[in-house]
Structure formats: structure tokens, C-alpha cells
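Asks: Provided below for reference: sequence and predicted model.
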Amino acid sequence: MSSFEELSVGDVVDGEVTAVVPFGVFVRIADDADGLLPQATGPEVGTPVRVRLIAIDVERHRAALARV
């Protein structure tokens, strides 16, 4: 896995679900960061998922994701 600073909008990465919340799931997208996959249903913690980065906020260390 790479670091958050190496990622760009449009990148497709393989990640793992780290948390399930009412509004989606958080996916580990880099060694040092998770991103939000909104309104995702079904994946449980530990499930591998492939996602595309649709927005990155470097200052807040956050990323918005879409399922591929």
C-alpha cells in the first residue's frame, strides 16, 4: 500500500473495510489513511473492496470513494 500523499483523484485502489457506520463504510486506502464509501451496504469489517478516489482533502487527510 502507498501513503495518502501518493494518491490522486481517479486512482483505483484495493482496500479493506475498517469500519461500518450508518452512512457507509470506511476503507483503508493507504498505509496511513481511510476513505469513506458512502451509503455502502453489505461489506463487513475486513472485507476487501476495490474503490475509485473521487475527492481528496489533503489538509483534513480524508478521501471520498466510489465502488468500482
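Replies: Arrived safely, thanks for sending.
Asks: Hmm, Leu7 is touching Ala64, no?
Replies: No: counting by CB atoms under 8 Å, Leu7 stays clear of Ala64, with 11.9 Å between them. Yep, even glycine has a C-beta here, placed from its N, CA and C like the rest.
Asks: which residues do those two both contact?
Replies: Listed as contacting both Leu7 and Ala64 by CB atoms under 8 Å, 6 or more residues apart in numbering are Leu53, Ile56.
Asks: Find the nearest non-adjacent residue to Ile56, please.
Replies: Ala63 (5.0 Å; CB to CB, 6 or more residues apart in numbering).
Asks: should've said Val13
Replies: Ile29 (5.3 Å).
Asks: And the next helix or strand past the helix or strand harbouring that neighbour?
Replies: Here Ile29 sits within strand 24-30, counting by DSSP states H and E. For strand 24-30, the following helix or strand on the C-terminal side (DSSP H and E) is strand 33-38.
Asks: Same question for stretch 22-42: list its buried residues.
Replies: 24-30, 33-37, 40 (16 or more other CB atoms under 10 Å).
Asks: quick one: Gly15 and Thr47 touch, right?
Replies: No: using CB under 8 Å, Gly15 is not in contact with Thr47; the gap is 9.6 Å.
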